[in-house]
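Novice: structure for this input, please:
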Amino acid sequence: MILTEIVRDLDEAIDLLIGKDQIVAIFQGDSEWGPRALGNRSILFDPRHWDAKNIVNGIKKREEYRPFAGTIMAEYAHDYFEMLQLPDSPWMSFAIQAKQKAYDDIPSLVHADGTCRIQTVTREQNKNYYDLIEQFYKVTDVPIIFNTSFNLGGEPLVETIYDAIDTCNRSEINYLYVPEDQDINIPYSMILPKEFEDENEEDDDGQ
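Specialist: Residues are numbered from 1 along each chain as shown. Below you'll find the predicted structure:
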């Protein structure tokens, strides 16, 4: 049994998020430092899903009352949130009042007090993450993705690709998106069954 599937193609990641209602973790670039996950070490889900909060809480083993956050393409932030004098929110530092469009499109991200701690992102800030959200928007007409930190309850944020795969293997996160431009040595021995690995070794010997 393959516990974790590594996804390198953007369209495949989008299909998993939208067409198959799957949680997809993203691993790219340097690890993040600070209280928020900002698209390099994140767990992603479709924010339109009616039970998104409970599904992700169950996998992360978090208390059900705790709010979730989302990442939105910066140019659409004013459509969904009362940004007022705030030009952007790239570090997910502010709880911002939601507009009716947020209640309509992404109710799972609106907290009980009517706010959402959002992250705005531009392509210049994080190309791969922005491109993923942009592709999600093209398919769904919703320019925001459900984003929470890539860790399980009580554990630190994942640091290495080994941490990422191990976290997936110990949870119900079955897909790990590593963008194609990432030059990462993926330890396939962590995600393939031993008998499959042995078969590959035999094939290599015979060539």
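Novice: got a list of contacts for stretch 116-129?
Specialist: Stretch 116-129 is contacted by residues 26, 28-29, 36, 38-40, 42, 67, 69-74, 77, 80-81, 88-96, 98, 102, 109-111, 130-131, 133-134, 144, 147, 179, 181 when judged by Cβ atoms under 8 Å, 6 or more residues apart in numbering. Just so you know, the C-beta spots here come from the backbone N, C-alpha and C atoms, and that holds for glycine as well.
Novice: filter the residues you listed down to the ones in helices?
Specialist: 77, 80, 102, 130-131, 133-134 (DSSP state H).
Novice: please list only the buried members of those residues.
Specialist: Neighbour-count burial (16 or more other Cβ atoms under 10 Å) applied to the ones in helices among the contacts of stretch 116-129 gives 77, 80, 102, 130, 133.
Novice: for the most centrally placed residue in the chain, which three-state class applies?
Specialist: The chain has residue 44 as the residue nearest its centroid, 2.4 Å off, counting by Cα atoms, centre = their mean. Under the three-state scheme (DSSP: H, G, I helix; E, B strand; the rest coil), residue 44 adopts strand.
Novice: look up how far residue 71 lies from it.
Specialist: The gap separating residue 44 from residue 71 is 9 Å, by Cβ to Cβ, to the nearest Å.
Novice: common neighbours of those two, please.
Specialist: The contact lists of residue 44 and residue 71 share 145, 147, where a contact means Cβ under 8 Å, 6+ apart.
Novice: which regions of the chain lie under the pLDDT threshold?
Specialist: For the chain, the stretches with pLDDT under 70 are 1-2, 192-207.
Novice: mind redoing it with 50?
Specialist: 1, 197, 201-207 (pLDDT under 50).
Novice: now do the strands in this structure.
Specialist: 5-7, 24-27, 41-45, 69-73, 95-97, 115-121, 144-149, 175-177 (DSSP state E).
Novice: which residues touch the last one?
Specialist: What that stands for is strand 175-177. With Cβ under 8 Å, 6+ apart, strand 175-177 has contacts from 4-8, 13, 16, 22-27, 44, 132, 164-165, 168.
Novice: ok, 7 Å please
Specialist: 4-7, 13, 16, 22, 24-27, 164-165, 168 (Cβ atoms under 7 Å, 6 or more residues apart in numbering).
Novice: what's the closest of those residues to residue 188?
Specialist: Nearest to residue 188 out of the contacts of strand 175-177 is residue 6 (Cβ to Cβ; 7.9 Å).
Novice: tell me, how many residues neighbour the spatially closest residue to residue 159 that is not a sequence neighbour?
Specialist: Distances taken as Cβ to Cβ, 6 or more residues apart in numbering place residue 31 nearest to residue 159, at 5.0 Å, with adjacent residues excluded. For residue 31, the tally of surrounding residues (other Cβ atoms under 10 Å) stands at 14.
Novice: thanks a lot, see you next time.
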